[in-house]
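> Could you look at this predicted model? Sequence included:
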Amino acid sequence: MYNQSFVNEFVLLGLSQNPLIEKISFVIILLVYISTVVGNMIIVVTIVYSPALLASPMYFFLAFLSFLDTCVSSVVTPKMIADLVHDRKTISFECCMTQVFAVHFFAAVEVTILAAMAYDRYVAICKPLHYSSIMNRRLCFTLVGVAWAGGFLHSTIQIIFTLQLPFCGPNVIDHFICDLFPLLKLACTDTHIFVILVFANSGSFCIIIFCFLLVSYGVILFSLRAHSSEGRRKALSTCGSHVTVVAFYFIPCILIYARPTSPFSFEKNVFVFTDVLTPLLNPMVYTFRNKEMINAIRKMWKMLTVVSDK
């Protein structure tokens, strides 16, 4: 049972209290959100309807990652956009808890998929002769299933922590979304234990996966010494895109959750980057440097053009 106390809704202060900044932010964030959904869905549709790409574990995971980027952005950004045109920004207690659960659920699934993508690149580069037998369809679906299960477990633990907090008066959140540390600030109890639990759950989760990724790419870089210059170039190009996405995602994650406290203004800026901009940057990183994806998108566009002309 959760301890809701007397609070039925929370008031969000949003990005800024300056009306001009809010209007500018509304236009920019709306365009970013539309671009994010369109860009990621183009990747998903292109891979799903391209048998050659879908058969490749790397693109299978990429399609799933793009879908998750759309979900992460959609949990946060539409509410944020709507609040930018309202003077009073409120969110009900139930919706707040749902947002906390959804943000951490999709984020945890996404970081697990990033780890699966790193393992895929490790096998492709370090064990190329056994790649097809190791990275078979069954393992790919198993890794996706583990990602979903891990995300659900992580977010369930997180929401159980949050539902134990008593809210008995203060309900103004200096943020544009509901998240753990802003909610802890409003709780009518000593929250030191909860801060430790958040760090143990979210902070350690980020650090462990990030360390796994660092080790994976360290092993990959070490093994590239035995490859030809052409092989090293191709491998580094593929891995470079993935490392860039990992940096976009994990550095902000660690900055927010792997430290006991952080200034809310700093935290809001990091959240804007993580939940609004990163889902847009990911499709750019993976497509602009990937000839296979660009060619597949061109084929898809030509096919749609032919169908529309009939």
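Sure, I can see it.
> Make sure V285 is actually in contact with V243.
No. Distance between V285 and V243: 9.7 Å, which falls outside the contact criterion (CB atoms under 8 Å). Any C-beta I mention is one placed from the backbone N, CA and C, and that applies to glycine too.
> Show me the longest helix that occurs in the protein.
With secondary structure taken from DSSP state H, the chain has its longest helix at helix 93-126.
> Find the residue at the geometric middle of the chain.
What sits nearest the mean C-alpha location of the chain, by CA atoms, centre = their mean, is A107, with 4.5 Å.
> Now do stretch 51-69: distance to the chain's middle.
Mean-position distance between stretch 51-69 and its chain equals 16 Å (CA atoms, centre = their mean, to the nearest Å).
> thinking again about what came up before, show me which residues of the longest helix of the chain are buried.
Buried residues in helix 93-126, counted by 16 or more other CB atoms under 10 Å: 93, 96-97, 99-126.
> Centre of the chain to it, how far?
How far helix 93-126 lies from its chain's middle: 6 Å, per CA atoms, centre = their mean.
> For it, name the packing helices and strands.
Under the contact criterion of 3 or more CB pairs under 8 Å, 6 or more residues apart in numbering; DSSP states H and E, helix 93-126 touches strand 9-12, helix 57-83, helix 131-134, helix 137-163, helix 180-186, helix 204-223, helix 229-257.
> next structured bit after the first one?
Elements were assigned by DSSP states H and E; along the chain past strand 9-12, the next helix or strand is helix 19-48.
> what packs against that following helix?
By 3+ CB pairs under 8 Å, 6+ apart, helix 19-48 packs against helix 51-54, helix 57-83, helix 278-288, helix 291-309.
> May I see the buried residues of the first one?
Counting neighbours by 16+ other CB under 10 Å, one finds that the buried residues in helix 51-54 are L53.
> and what of stretch 283-296?
For stretch 283-296, burial by neighbour count (16+ other CB under 10 Å) applies to P283, V285, Y286, T287, N290, M293, A296.
> next one: stretch 170-190
Buried residues in stretch 170-190, counted by 16+ other CB under 10 Å: 171, 173-184, 186-187.
> Most widely separated two among the residues you listed?
Distances among those were taken as CB to CB; the most separated pair is F176 and A187, at 19.8 Å.
> secondary structure class for the nearest residue to F271 once chain neighbours are set aside?
Once flanking residues are discounted, F271 sits nearest to I177: 6.8 Å by CB to CB, 6 or more residues apart in numbering. For I177, the assignment made with DSSP: H, G, I helix; E, B strand; the rest coil gives coil.
> ok, I209 touching L114?
Yes. The pair I209 and L114 passes the contact test of CB under 8 Å, sitting 7.3 Å apart.
> so how far is K299 from the residue lying closest to V111 once chain neighbours are set aside?
Nearest non-adjacent residue to V111, counting by CB to CB, 6+ apart: I209, 5.0 Å away. I209 sits 35 Å away from K299, going by CB to CB, to the nearest Å.
> between the two, who's got more neighbours?
I209 (21 against 13; other CB atoms under 10 Å).
> Quick check: the more buried one vs F222, distance?
I209 sits at a distance of 20 Å from F222 (criterion: CB to CB).
> Next: F106.
F106 is 33 Å from F222, by CB to CB.
> The nearest residue to F250 once chain neighbours are set aside: neighbour count?
In space, and not counting its chain neighbours, F250 is closest to F210: 4.5 Å by CB to CB, 6+ apart. F210: 21 surrounding residues under other CB under 10 Å.
> for F210, what are its contacts?
F210 makes contact with V246, F250, C253, I254, according to CB atoms under 8 Å, 6 or more residues apart in numbering.
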